[in-house]
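Asks: Sequence and predicted structure, then a few things I'm wondering about:
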Amino acid sequence: MGVHRDPTKTGVVLDLAPERDYDVRQMYVQDQETFILDITPSTPESDTAKDDASPRWPYPPQSDTLSPAPSLCTHSTCRPAIRKELPMPRSPILCLVLFLSLAAGPPLGCAHPGAEEGADSAPGDRADARTGAEAGDSAAIAGGAAGLLDNPPMGPLGYSMIASEDGALLDVEDFASYEDCEECHERQWEELRGSMHVIAHTDPIYRSTAELALLEAGEEIYAYCAGCHAPQGVTTGLIPATPEEDLPEVVTAGILCDVCHQVSRLTGSSGPWGEPGNASVVLSPDEDRKFGPPGGDDEAADHEVETREFLGRSEFCASCHTIIHPLNGLRLEHTYDEWKNSVYAEKGIQCQDCHMRSIEDAVKVAETLTPVVVIGQSEPTGDEREIHPHYLVGANANAEELGGSPRYVAMAEARLESAARLEIEVPPSVSSGSALEFEVVVHNVAAGHSLPTSLTELREMWVELEVRAEDGQLLFHSGHLQPDGEIPDGAMRFGAIAGDAQGSVTYKPWEISQFLWKRQVPARGFESDRFSVDLPDSFAGPVRIEARLLYRSASPKALRSLMGNEAFEPKQVEMAGAEAELVVRE
């Protein structure tokens with residue numbers, strides 16, 4: 001039985017500039033009067049016939065050396081650089097006319113705009129102030145590796161941008177422990193306990209990667225990583241100067257309460273990268289004063305509370321959750337830009353509105369695009385007011401394996417199960433002996449960023465698919481893991497493949513200088529693949545198609561590369577499922 005796939009993505013392709021194609025990556029109704037189109041460069045169609053069974057980009061072959069996929073900048077600000085707000089059409093014909101009218105639009109360039117942290121400006125509101133580092137970012141997929149910078153940006157303490165108010169080293173005694181804060185803030189510690197933030201330094205994947213970085217790339221790169229994973233270690237000079245076994249507990253304790261609540265300023269937009277990232281914060285420790293969001297200055301507090309509005313804004317999170325390669329400028333993690341170019345940002349939904357809420361509240365935020373206000377007390381004798389839960393939940397279903405709590409595993413799985421919707425589009429019937437053609441669509445329904453996000457060269461999301469006859473006969477399957485635990489070629493998958501300067505696949509962050517392949521589902525957007533199954537001449541009867549959308553934090557191969565003999569079997573989570581039935585007629 002012959003099986004082939006047409007990897008052409010459903011969507012509208014528009015000629016907006018000579019010799020360039022563009023995709024509608026995202027289309028959604030903003031209100032009753034307006035709909036939004038986000039348009040990006042598409043990969044040029046190859047000369048290969050559309051019924052060629054060999055996988056083509058964006059389907060990555062399982063090889064160690066890949067050619068860079070052309071014509072797509074990895075900097076997500078570029079993806080919706082042409083953004084059209086159009087009157088809501090009253091008919092499909094008018095909609096088509098509006099699509100075609102976009103042909104006169106400007107060419108899509110790579111401007112990489114940014115905005116001051118805490119400001120309300122949208123992408124493109126200010127001129128780009130960044131250096132030639134961005135050029136390497138565009139080259140990551142557009143045709144080669146990012147080259148080393150002549151003068152890599154440095155902060156007062158190295159490649160990490162973290163700093164004290166005067167640039168001097170801090171004293172480790174300046175940082176309170178979790179237990180110190182728990183004396184008054186029991187609720188916050190109970191919510192935070194077991195999170196990935198608490199194990200940021202001791203997480204076995206990070207520890208193995210950091211120790212490997214120390215061995216292969218040196219102390220400066222190790223300290224760069226620790227700027228986010230152990231800020232109190234870098235700002236005191238204990239990292240990298242002190243052996244791991246000799247570090248005090250307050251340094252290895254992860255992201256302390258007394259790290260976030262001692263940040264006085266964000267420096268990303270005014271810094272050398274022109275955007276938040278690489279720990280672009282200033283720590284100003286004071287035992288008698290902490291920083292809090294608006295409304296956090298309870299009279300009952302035992303210490304002074306100074307308001308910092310950025311504590312409730314995405315730029316604060318992006319200060320560490322944007323990772324920029326310090327030597328070549330490649331954006332390794334850019335969740336912030338994915339959010340910034342989404343309807344969530346347009347509606348004022350911040351990272352904290354979802355990731356510092358219960359799963360029920362987070363789903364409500366995604367559905368309504370309205371923040372959920374939580375009322376309570378910051379400490380037992382405090383005033384009833386708006387408070388901020390401290391759950392800090394992401395998608396790491398391996399949290400318990402890494403030292404986190406079972407509760408955080410359950411919350412991560414619930415987040416994943418609410419994030420996407422899977423759909424199968426089939427004809428009502430087909431004739432025996434003909435090809436059964438159907439489409440699988442993955443919708444991002446509840447994540448305020450792309451799926452997957454974060455370190456996309458590790459994260460994997462894919463579709464497992466089966467087509468069966470009424471008697472259970474397997475007619476076609478795709479996406480079932482191979483004996484070595486890897487996703488097979490030709491599967492509908494999402495994530496990224498990172499490469500070093502020579503084009504070889506690598507999982508080591510310090511070696512990455514390009515992305516050889518990347519595919520994500522944008523916030524409130526969708527991605528689809530069309531499948532074609534050649535049916536036998538004699539076959540007739542009901543057919544059932546079943547699909548599952550699966551996710552895992554990393555592949556076995558990636559974990560072995562970073563952890564060696566300490567690697568474990570990554571847990572996979574079913575994010576969504578779909579079924580469809582049709583009849584094959586004689």
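Replies: Okay, I see it. Because the structure is a prediction, the values reported are computed rather than measured.

Asks: Tell me, how many residues neighbour the closest residue to Gly485 other than its chain neighbours?
Replies: Nearest residue to Gly485, sequence neighbours excluded (CB to CB, 6 or more residues apart in numbering): Pro556, at 4.0 Å. To be clear about C-beta, it is placed using only N, CA and C from the backbone, and glycine gets the same treatment. Residue neighbour count, defined by other CB atoms under 10 Å, stands at 16 for Pro556.

Asks: surely Pro556 meets Glu486?
Replies: Yes. Using CB atoms under 8 Å, Pro556 is in contact with Glu486, at 6.9 Å.

Asks: residues in contact with the nearest residue to Glu511 once chain neighbours are set aside?
Replies: Closest residue to Glu511 apart from its sequence neighbours, by CB to CB, 6+ apart: Asp500 at 4.5 Å. Asp500 makes contacts with 145, 506, 511-514, as judged by CB atoms under 8 Å, 6 or more residues apart in numbering.

Asks: Could you dump those residues into a markdown table and include pLDDT and distance to Glu566?
Replies: Below are the contacts of Asp500 laid out as a markdown table (pLDDT from 0 to 100; distance: CB to CB, whole Å):
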| residue | pLDDT | distance to Glu566 |
| --- | --- | --- |
| Ala145 | 78 | 30 |
| Thr506 | 97 | 19 |
| Glu511 | 97 | 20 |
| Ile512 | 97 | 22 |
| Ser513 | 96 | 27 |
| Gln514 | 96 | 28 |
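
Asks: so which of those is the most crowded?
Replies: Gln514 (28 neighbours).

Asks: Nearest the middle, which residue of this protein would you pick?
Replies: Of all residues in the chain, the one closest to the mean position by CA atoms, centre = their mean is Thr453, 1.6 Å from it.

Asks: Let's verify that one: helix, strand, or coil?
Replies: Following DSSP: H, G, I helix; E, B strand; the rest coil, Thr453 is assigned to coil.

Asks: and it, what pLDDT?
Replies: Per-residue pLDDT puts Thr453 at 96.

Asks: What of Glu386?
Replies: Reported pLDDT for Glu386: 87.

Asks: give the contact list for it.
Replies: Counted by CB under 8 Å, 6+ apart, Glu386 has contacts 295, 373-375.

Asks: where does the stretch 201-350 of the chain have low pLDDT?
Replies: Along the stretch 201-350 of the chain, the parts satisfying pLDDT under 70 run over 296-300.

Asks: residue ranges of the helices in it, please?
Replies: Taking DSSP state H, counting those that start in this stretch as the test, the helices found in the stretch 201-350 of the chain are 204-216, 219-229, 231-234, 238-241, 249-252, 257-260, 314-321, 335-340, 343-346.

Asks: got the contact list for the longest one?
Replies: Residues outside helix 204-216 that contact it (CB under 8 Å, 6+ apart): 200-201, 221-222, 225-226, 229, 240, 244, 401-403, 508-510, 554, 559, 562-564, 566.

Asks: Just the buried ones from the residues you listed?
Replies: 200-201, 221-222, 225-226, 229, 240, 401-402, 508-510, 554, 559, 562-563 (16 or more other CB atoms under 10 Å).
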